[in-house]
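Student: Mind folding the following:
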Amino acid sequence: VKYPEALRLRMRQSFEDVEVKRRCVKSLQQVLVKTQHMAIQCPTMSSKLQKALERYFQELQVPHLHEQAVGPYVPDFVLPLKIAVEVDGYT
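Tutor: Model prediction:
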C-alpha cells in the first residue's frame with residue numbers, strides 16, 4: 001500500500017507520540033479482555049499422524065490439549081511447559 005508522502009510523515013510522527021502509544025495499548029488490552037472468553041467454532045480435521053500422536057500421548061500419560069487456541073494460533077496439541085505441536089502446518 002502506498003500512501004502520499006505527507007501521510008507517511010504524519011503517520012511516522014504519530015508512532016513516536018507517547019500518548020498515541022498509550023491509547024493503542026489500552027485499546028488492544030480492551031479487545032483482549034472482551035475476546036479472551038470467545039470460542040472460535042471451526043471444524044477440526046485430524047490426519048493419521050495426529051491420531052497416532054494422540055494415542056502416543058495417551059499411552060505415555062502425557063497431559064495434552066487437542067486443538068486449543070494459543071494466542072492467534074491453534075496448534076494441533078498443547079503440552080505442559082508451554083510446548084505446542086503442529087503436525088501438518090497451519091490451516
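Student: where along this protein do the strands fall?
Tutor: 65-66, 77-79, 83-85 (DSSP state E).
Student: most tightly surrounded among those strands?
Tutor: strand 77-79 (a mean of 17; mean count of other C-beta atoms under 10 Å). Backbone N, C-alpha and C define where each C-beta goes, glycine included.
Student: Show me what that strand packs onto, helices and strands only.
Tutor: Counting contacts by 3 or more C-beta pairs under 8 Å, 6 or more residues apart in numbering; DSSP states H and E, strand 77-79 is packed against helix 48-59, strand 65-66, strand 83-85.
Student: Contacts made by it with the rest, please.
Tutor: Applying C-beta atoms under 8 Å, 6 or more residues apart in numbering, the external contacts of strand 77-79 come out as 50, 53-54, 57, 62-66, 68, 70, 84-85, 87.
Student: how far away is residue 87 from residue 78?
Tutor: 13 Å (C-beta to C-beta, to the nearest Å).
Student: Please apply the same query to residue 53.
Tutor: From residue 53 to residue 78 the distance is 12 Å (C-beta to C-beta).
Student: Need the residues touching each of the two.
Tutor: Common neighbours of residue 53 and residue 78 (C-beta under 8 Å, 6+ apart) are residue 85.
Student: what stretches of the protein score poorly on pLDDT?
Tutor: Residue ranges of the chain with pLDDT under 70: 1-15, 40-45, 89-91.
Student: center of it, which residue is that?
Tutor: residue 72 (1.7 Å; C-alpha atoms, centre = their mean).
Student: coming back round to it: could I get the helices and strands packed on strand 77-79 as JSON lines with distance to residue 16?
Tutor: Converted to JSON lines, these look like this (distance: least, C-beta to C-beta, whole Å):
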{"stretch": "helix 48-59", "distance to residue 16": "46"}
{"stretch": "strand 65-66", "distance to residue 16": "41"}
{"stretch": "strand 83-85", "distance to residue 16": "35"}
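Student: Ok, which of these comes nearest residue 20?
Tutor: Distance to residue 20, taken as C-beta to C-beta, is lowest for strand 83-85 among the helices and strands packed on strand 77-79, at 33.2 Å.
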